[in-house]
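Participant: I'll drop the sequence and a predicted model, then ask my questions.
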Amino acid sequence: DDELQTDGNRSGHFQNGELGLAPTNEDVIRIIAAQLAEIGDQFDKEIQGRVVNDLVQHFLNENLSREEITLHMSRIVGELTRSIPSDMEQEKAMLVLAMVLTKKIVNTVPSLLHRVFNTTLNYMNQQFHNYIVEMVSAVKQ
């Protein structure tokens, strides 16, 4: 049921089903995805390889729970948010950084796709659910 979409196409739902997407929201989702992808391209250049490798090591450590990895990812995203100069909302920057880190980790170690995707989805649901709903509402108006 979960699928990773990086091209702006409509992709399923949040794991807990809280945010269902009606067909009328597809254009809104595409607009938001395009905006986030553009920001992500800018951030992608700023993220150092050692940050990605550190996260990869955490994901490879099977002794760590999803919660522990989520906390580590949250710390890394917070640190990157402070270190990357940005005039945008903090929530948007953090959301994009989480997605960019996910992409970089999976590109580094493709076998981690399932674990990284589920952890990132959990992180986004916990931290940004309300922000995502507000973003969709704002674009619809």
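Facilitator: Here it is on my side, so go on.
Participant: now the residue nearest the centre of the chain, what's its secondary structure?
Facilitator: Centroid-nearest residue in the chain, with Cα atoms, centre = their mean: residue 99, separated by 2.8 Å. At residue 99 the chain is in helix, as set by DSSP: H, G, I helix; E, B strand; the rest coil.
Participant: okay, it: pLDDT?
Facilitator: On pLDDT, residue 99 comes in at 93.
Participant: would you agree it is in contact with residue 43?
Facilitator: No: if you go by Cβ atoms under 8 Å, residue 99 and residue 43 don't touch, sitting 9.1 Å apart. Glycine gets a C-beta too; all of them are placed from N, C-alpha and C.
Participant: quick check: mean pLDDT across stretch 51-66?
Facilitator: pLDDT averaged over stretch 51-66 gives 92.
Participant: any idea how far the top helix by length along the chain is from the chain center?
Facilitator: When the chain is parsed with DSSP state H, its longest helix is helix 113-140. Relative to the chain's own centre, helix 113-140 is displaced by 7 Å; criterion: Cα atoms, centre = their mean, to the nearest Å.
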